[in-house]
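>>> Here is a sequence with its predicted model. Questions after.
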Amino acid sequence: MFVSRLLSAFSLVLAFAVASPAMAQPVQPFTIAALHAAQAAGKPILVDAYADWCPICRKQAPTIAAIAADPAFSKLVILRLDFDTQQAEKRLLGILQQSTLIAYDGTKETGRLVGVTDPAQIKALASSGIR
């Protein structure tokens, strides 16, 4: 009896896990290695040049968090670049201002927004690298 109930419970958990939609990866800290690994794998990428003191960055953050939780963006790699400390990385990507968002499809840049807080435009940018 106990084994039967245990197997039933296990079956339910397994069915729920299989039926659960895929989630996007959480926002990760930006590193050159992480960018190159995602590009080499041909993944869609969103780079977020963020500064804690930036009000525009703080307005963009909820939209980026929503994208990270959206199953439609399950393949998207989101990398947050620290605008204040990652000087070499900013130069490499041509980032001149905080609140810059850059989308890639593998190694190809598909779009860039600077200072945009409109969720629809941010989601469109994030989608531009997804095949």
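Nice, I can see it. Numbers count the residues shown, from 1 in each chain.
>>> Is the residue most central in space within the chain in a helix, a strand, or coil?
With distances taken as Cα atoms, centre = their mean, the residue of the chain nearest its centroid is residue 78 (2.4 Å). Reduced to three states with DSSP: H, G, I helix; E, B strand; the rest coil, the structure at residue 78 is strand.
>>> who's in contact with it?
Taking Cβ atoms under 8 Å, 6 or more residues apart in numbering as the contact definition, residue 78 lies against 24-28, 45-46, 48, 64, 67-68. Every residue, glycine included, has its C-beta placed from N, CA and C.
>>> buried residues in the host helix or strand of residue 126?
Taking DSSP states H and E as the criterion, residue 126 maps to helix 119-127. Residues 122-123, 125-127 are the ones in helix 119-127 that count as buried (16 or more other Cβ atoms under 10 Å).
>>> try stretch 69-76
Using 16+ other Cβ under 10 Å as the burial criterion, the residues of stretch 69-76 that qualify are 73, 75-76.
>>> hang on, residue 112 packs against residue 99?
No: using Cβ atoms under 8 Å, residue 112 makes no contact with residue 99, being 11.3 Å away.
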